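Asker: mind looking at a prediction? Sequence and model below.
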Amino acid sequence: MTGLRIRDARPADRDAVRDITLAAYGEYAAQMPAHWDGYRQNILATLADASPAEQLVAEQQGVIVGTVLLYPPRRVRISPDEAAIEVPWPEVRLLAVLPDARGRGIGTALMRECVRRARRAGAGRLSLHTTPMMRAAVRVYARMGFVRAPELDFHPAPGLTIEGYCVDLGAPCPS
């Protein structure tokens, strides 16, 4: 991981962030054919206006190889027909590593920076959402101490469960 630098994204990084995120998540299109188009549009809409998130990038030898969003505590509407929920702690979204750069600890480095920033902000925990099909990501999260938090699960479409996880940064995660 020599020369890896985690930094805040700049406006000039926008296209690279979009391309890396779509390449990383695009591998799941075949596993979720009924949901991929909607998910892709959600990714694009989120990246088009990532506020109020901190958008981070991992840069190696001048090339952006990974990205993640770190949201502050906020109210979130999961889908138009569901009530908004309070998320009283920071949340990680859209962790993505360039497929050719995987296996080098880039995702872990981005997640460590999210944990560091959440702690610095005084957060008692940090949460995220993922699916079982994202096996490599789930392994990274587990190694970092994230545990399943089923009360954070949501169902954006029939037959699709997005699983909640959290890590204790001073306030225990619900069990």
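Answerer: Here it is on my side, so go on.
Asker: mind checking how far the residue lying closest to Ala9 once chain neighbours are set aside is from Leu152?
Answerer: Among residues not flanking Ala9 along the chain, Gln55 sits closest, at 4.0 Å (CB to CB, 6 or more residues apart in numbering). Placement of C-beta: from N, CA and C, glycine included. Noted for Gln55: a distance of 22 Å to Leu152, by CB to CB, to the nearest Å.
Asker: rewinding a little: other SSEs contacting the helix or strand containing the residue nearest to Ala9?
Answerer: In this structure, Gln55 sits in strand 54-60 according to DSSP states H and E. Applying 3 or more CB pairs under 8 Å, 6 or more residues apart in numbering; DSSP states H and E, we find strand 54-60 packed against strand 4-8, helix 14-26, strand 63-71, helix 106-120.
Asker: how about 6 Å then?
Answerer: Packed against strand 54-60 by the contact rule (3 or more CB pairs under 6 Å, 6 or more residues apart in numbering; DSSP states H and E) you find strand 4-8, strand 63-71, helix 106-120.
Asker: can I get those in a markdown table with distance to Ala16?
Answerer: Output for the helices and strands packed on strand 54-60, formatted as a markdown table (distance: least, CB to CB, whole Å):
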| stretch | distance to Ala16 |
| --- | --- |
| strand 4-8 | 13 |
| strand 63-71 | 4 |
| helix 106-120 | 14 |
